[in-house]
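Engineer: Quick one: sequence and predicted model below, then my questions.
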Amino acid sequence: MAPRFRRRALALAALAFSAAAPLLAQGPGKGDQAPVIAVHDLDGQPVDLGQWIGHKPVLIEFWATWCTSCQALMPTVRAAAAKYGAQVEFLGINVTVADPKAQVRQFIAEEHPPYRVLYDDEGVSQRAFDVAATSYVVIIDRAGRIVYTGTGGSQPLESALRRAIAN
């Protein structure tokens, strides 16, 4: 193979691997203990997720204002929060990619999301939960075990929330 084609082939292989790397990562999954971490709020104050994880069921959505799957999932999250909000802590962790705080604040003012908004400007939760995409949802039972993970604009949140509450 000619050197310039070999370089292109290697570059394409590296690009393909880097794109697939998040899919190959082994973050916490169903049945694992959820990581207990602190994530900033929009004022830069740390919020310890340990105040909920291991004490009550928790739904976490990793989202962004520009995420179309997150927008598609919002009615499902709203319905779940309306039905289970007294029993489950709903957290929305903004992944901060191309989402400045002012834009997130405007989104909150206009959309009134059904969860406590956190702003992961240091990537702490994204690394801990090995988040590979927005609209990624993690549901945790009261013992702190992950009972559900999923991504996309259509997810079966209600059945997973019932499992989290029952455990």
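Structural biologist: The structure has been received and is ready for your questions. Just so it is clear, the model here is predicted, and its values are computed rather than measured.
Engineer: contacts, neighbours, all on C-alpha from now
Structural biologist: OK.
Engineer: Which secondary structure state does the closest residue to residue 124 other than its chain neighbours sit in?
Structural biologist: For residue 124, ignoring the flanking residues on the chain, the nearest one in space by Cα to Cα, 6 or more residues apart in numbering is residue 39 at 6.6 Å. What DSSP: H, G, I helix; E, B strand; the rest coil gives for residue 39 is strand.
Engineer: Would you agree residue 39 is in contact with residue 48?
Structural biologist: Yes - judged on Cα atoms under 8 Å, residue 39 makes contact with residue 48 at a distance of 6.7 Å.
Engineer: More neighbours: these two, which one.
Structural biologist: residue 39 (22 against 13; other Cα atoms under 10 Å).
Engineer: Just confirm residue 36 is within a helix.
Structural biologist: No - under three-state DSSP, residue 36 falls outside any helix and is assigned coil.
Engineer: OK, contacts around residue 31?
Structural biologist: 145-147 (Cα atoms under 8 Å, 6 or more residues apart in numbering).
Engineer: Now it: which helix or strand?
Structural biologist: Under the criterion of DSSP states H and E, residue 31 resides outside all helices and strands.
Engineer: Could I get the pLDDT score of it?
Structural biologist: On pLDDT, residue 31 comes in at 86.
Engineer: separation between it and residue 72?
Structural biologist: According to Cα to Cα, to the nearest Å, residue 31 stands 27 Å off from residue 72.
Engineer: helix/strand/coil for the residue most central in space within the chain?
Structural biologist: Central residue of the chain (Cα atoms, centre = their mean): residue 62, 2.4 Å from the mean position. Using three-state DSSP, the structure places residue 62 in strand.
Engineer: residues contacting it?
Structural biologist: Counted by Cα under 8 Å, 6+ apart, residue 62 has contacts 92-95, 131, 133-137.
Engineer: Residue 119 too?
Structural biologist: 39-42, 93-96, 101.
Engineer: hmm, who's touching stretch 38-57?
Structural biologist: 34, 36-37, 58, 87-89, 101, 105, 117-121, 124-125, 139-145, 161, 164-165.
Engineer: In strands, which of those residues appear?
Structural biologist: Under the assignment DSSP state E, the contacts of stretch 38-57 contribute 58, 89, 117-119, 139-140 to strands.
Engineer: quick one on the thing from earlier: just the element for the nearest residue to the residue nearest to the centre of the chain once chain neighbours are set aside, please.
Structural biologist: Leaving aside its sequence neighbours, residue 62 sits nearest to residue 93 (Cα to Cα, 6+ apart; 4.8 Å). Residue 93 is part of strand 89-94, with elements assigned from DSSP H and E.
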